[in-house]
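*Asks:* Got a predicted structure here, sequence first:
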Amino acid sequence: MGVAGPPGPVMDRDEVDRALARLGAEHEAIETSLLALQDHAGRRLLEGAELTGTTRERWAAADASITLLWTCFDAYTDALRTARELRSRRRWPSRDDLVELTELLRGESIAVSGTLPPGAPDGRARLSELLSLEALVTRMNDLYAGSLDLVVAADTVWSALPARIDLLSAELQRTRQLAHSVGVRPGEHPAGDDLERITRALTALRAQVVSDPLAFWKPAATGSAAPGGGRPDTGRYDREARALEDVRREIDAVLTVRQDAEARLVKLRDVLSRADRTLAEARSARGEVLAKIAASEVPAVSGPPTALQEQLTTAAEYRRNGQWHRLSPLLESLEEKAEDELLRARESLTAVTAPLAVRAELRGRLDAYKAKVTRHGMAEDPLLVERYDAARRMLWSAPCDLRAAEAAVLRYQQAAAEVLTPRVPEQGGPAGRRGESS
C-alpha cells in the first residue's frame with residue numbers, strides 16, 4: 001500500500017480523527033444489522049427449509065451474498081483496526097503516518113476475495129478486488145439490502161399464507177362433515193365433487209407456499225425502498241375461499257330443506273289436492289253446462305296431474321331416506337309446477353262455467369229491469385208482460401239458447417226503456433199512446 005501515493009490531498013490529523021469516528025459508527029451500525037439479519041426468523045427458515053423453484057434459486061444467490069457480506073465486513077474491520085492502530089502510535093502523527101492513513105481511509109487499498117462487482121452476471125464473483133472503505137460500505141449496503149429484501153419477502157409469505165390456508169382447511173373439514181350429514185358426497189352431488197377439488201387444491205397450495213414462498217410474492221409496483229416492499233399474492237387462496245363459500249351456501253340451502261321439508265311437502269299435497277278438486281268441479285260443471293246450455297262450445301277438462309303425484313311420492317321417499325341434496329331441487333321444481341297446475345285448474349273451471357255465468361248475468365239483468373218497471377207501476381203493461389215471459393222461458397228452460405235468450409232480454413230492456421221514458425205531447429194534439437213494437 002502507498003506505492004502509488006495517497007488518493008488526493010493528504011489528510012490532516014483532524015480529518016483523520018473525524019474519518020475514524022465516522023467509520024467506527026458505520027462499523028457498529030453495520031455489525032448490528034448483520035447480526036439482526038443472521039438471527040432473522042426468515043433467514044433461519046430459508047436456511048433449513050427444502051426449497052424449490054424461484055425461492056431455491058434466489059436463496060442460493062442470497063446465501064452467497066450473505067457469506068460475501070461477512071467477508072466484506074471482516075475486511076472492513078481489519079482495515080479499520082489497522083488505521084486505528086496506526087493513528088494511536090503518536091499524538092501528533094508524522095507526514096508519513098498521515099500519508100499512510102490517507103491511503104488506508106480513502107484509497108483502494110482493501111483486498112476482498114470473492115466480491116460481487118456491480119452488474120456481475122449470474123452473481124459470479126471475482127477472486128479478489130481492491131476497494132476503498134467507502135466503496136466497501138456501499139457494496140455491503142447493496143448486498144445487505146438485496147438479502148434482507150428476499151428474507152423479509154419469504155418470511156412475510158410464510159407468516160401470512162400457511163396460517164390462512166390452515167384456517168380455510170379447518171373450515172373445509174367442518175363443511176365436509178356437514179355435507180356428509182346431508183348426503184352431499186363426491187360422485188353423488190356436484191358440491192361434494194367441489195369439496196374434493198378444493199381439498200386437493202389447498203393441499204397443493206400449502207406445499208408450494210412452504211417450499212417456494214417467493215412464487216407468491218408481489219413486489220410493490222412503486223418500487224418501495226422498505227425491505228420486502230410488496231405483499232403476498234393471495235389470488236389462488238382467494239379463489240378457493242370463494243369456491244368453498246359457494247359450496248357452503250349450497251349446503252345451507254340443503255340444510256334449510258331438511259328443516260322445513262315436511263311443511264313444504266304438506267303444502268304441496270294441499271296445492272295438488274286443491275287442483276284435483278278444482279278439476280273435478282270443472283268436469284262436473286262441464287256436464288251441467290252441456291245439459292243446460294245449447295249451442296255453446298265447452299272446452300274439455302284434463303285429468304288429474306298423475307306425473308306430479310308420482311314426483312311428490314318420490315320427494316317423500318327422499319325425505320324418509322335423508323337424501324336432502326336430491327330433495328332440494330325436486331321440491332323447488334314441484335312447488336313451481338304445483339302452483340301452475342292449480343292456476344290451470346282454476347282457468348279450466350272458469351272457461352267451462354263461462355256459459356252458466358253468462359246465463360246468470362242475463363237472469364239478473366232481466367229481474368233487475370222487472371223490478372224497475374214494477375216500482376214505476378208499469379209491471380202489468382201487456383207488451384212488457386209478453387216480452388218478460390218470453391225471455392224468462394228461454395233463460396229458465398234447458399237447454400238454454402244463450403244467443404236467443406240475450407236477444408229476448410234486450411227486447412225486454414228496450415220495451416221497458418220506452419215505457420219509462422216520458423213522452424212530450426205533439427203540438428196541437430193530445431198525447432198519443434206509444435206505438436206497439438214487436
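*Replies:* Right, received. Where do you want to start? Values in this document were obtained by computation on a predicted structure and should not be read as measured data.
*Asks:* only C-alpha atoms for contact and neighbour calcs from this point on.
*Replies:* OK.
*Asks:* Check what pLDDT Ser211 gets.
*Replies:* Here the pLDDT value assigned to Ser211 is 94.
*Asks:* where's it relative to Arg13, distance?
*Replies:* For Ser211, the distance to Arg13 equals 55 Å [CA to CA, to the nearest Å].
*Asks:* cool, Ala21 as well?
*Replies:* Applying CA to CA to Ala21 and Arg13 gives a distance of 12 Å.
*Asks:* Tell me which of those two has more neighbours.
*Replies:* Neighbour count, other CA atoms under 10 Å: between Ala21 and Arg13, Arg13 has more, with 18 against 13.
*Asks:* if I look at that one, how far off is Asp166?
*Replies:* Counting by CA to CA - Arg13 and Asp166 are separated by 63 Å.
*Asks:* Over to Arg176?
*Replies:* 15 Å.
*Asks:* The two - which one has more neighbours?
*Replies:* Taking neighbours as other CA under 10 Å, Arg176 and Asp166 compare with Arg176 leading, 21 against 14.
*Asks:* ok, and the closest non-adjacent residue to the more buried one?
*Replies:* Spatially, and ignoring its direct neighbours in sequence, Arg176 is nearest to Leu195 (6.9 Å; CA to CA, 6 or more residues apart in numbering).
*Asks:* mind checking how far the host helix or strand of that neighbour is from the chain centre?
*Replies:* Applying DSSP states H and E as the criterion places Leu195 in helix 190-211. Relative to the mean C-alpha coordinate of its chain, helix 190-211 is positioned 19 Å out (CA atoms, centre = their mean, to the nearest Å).
*Asks:* Counting neighbours, what do you get for Lys292?
*Replies:* By other CA under 10 Å, the residues close to Lys292 number 18.
*Asks:* so it makes contact with Leu395?
*Replies:* No. Using CA atoms under 8 Å, Lys292 is not in contact with Leu395; the gap is 9.8 Å.
*Asks:* and the spatially most central residue of the chain, what element?
*Replies:* Centrality entry for the chain: nearest residue to the mean C-alpha point is Arg242, 6.2 Å, by CA atoms, centre = their mean. Applying DSSP H and E as the criterion places Arg242 in helix 235-292.
*Asks:* Ok, Val137 next?
*Replies:* With DSSP H and E as the test, Val137 turns up in helix 133-181.
*Asks:* For stretch 207-223, which residues meet the burial criterion?
*Replies:* Neighbour-count burial for stretch 207-223 flags 208-219 (criterion: 16 or more other CA atoms under 10 Å).
*Asks:* what do you get for stretch 91-110?
*Replies:* Residues 93, 97-110 are the ones in stretch 91-110 that count as buried (16+ other CA under 10 Å).
*Asks:* again with stretch 64-75
*Replies:* 64-66, 68-69, 71-73, 75.
*Asks:* now stretch 180-198
*Replies:* By 16+ other CA under 10 Å, the buried positions in stretch 180-198 come out as 182-186, 191-195, 198.
*Asks:* Same list (these) but as JSON lines, adding pLDDT and distance to Ala417.
*Replies:* Conversion of the buried residues of stretch 180-198 to JSON lines gives the following (pLDDT from 0 to 100; distance: CA to CA, whole Å):
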{"residue": "Val182", "pLDDT": "76", "distance to Ala417": "75"}
{"residue": "Gly183", "pLDDT": "75", "distance to Ala417": "76"}
{"residue": "Val184", "pLDDT": "79", "distance to Ala417": "76"}
{"residue": "Arg185", "pLDDT": "81", "distance to Ala417": "79"}
{"residue": "Pro186", "pLDDT": "87", "distance to Ala417": "81"}
{"residue": "Ala191", "pLDDT": "85", "distance to Ala417": "75"}
{"residue": "Gly192", "pLDDT": "87", "distance to Ala417": "78"}
{"residue": "Asp193", "pLDDT": "91", "distance to Ala417": "80"}
{"residue": "Asp194", "pLDDT": "93", "distance to Ala417": "79"}
{"residue": "Leu195", "pLDDT": "94", "distance to Ala417": "81"}
{"residue": "Ile198", "pLDDT": "95", "distance to Ala417": "84"}
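*Asks:* now, among those residues, which is nearest to Leu35?
*Replies:* The shortest gap between Leu35 and any of the buried residues of stretch 180-198 belongs to Ile198, at 42.3 Å (CA to CA).
*Asks:* Arg365: neighbour count?
*Replies:* The burial count for Arg365: 15, using other CA under 10 Å.
*Asks:* Break this structure down into its structural domains.
*Replies:* Residue ranges for the domains of the chain, per automatic domain parsing: 13-152, 156-220+229-257, 258-352, 356-420.
*Asks:* Looking at the buried residues of stretch 91-110, which is nearest Leu268?
*Replies:* Closest approach between the buried residues of stretch 91-110 and Leu268, by CA to CA: Ile110, at 92.8 Å.
*Asks:* what's near enough to touch Asp270?
*Replies:* Counting by CA atoms under 8 Å, 6 or more residues apart in numbering, Asp270 makes contact with nothing.
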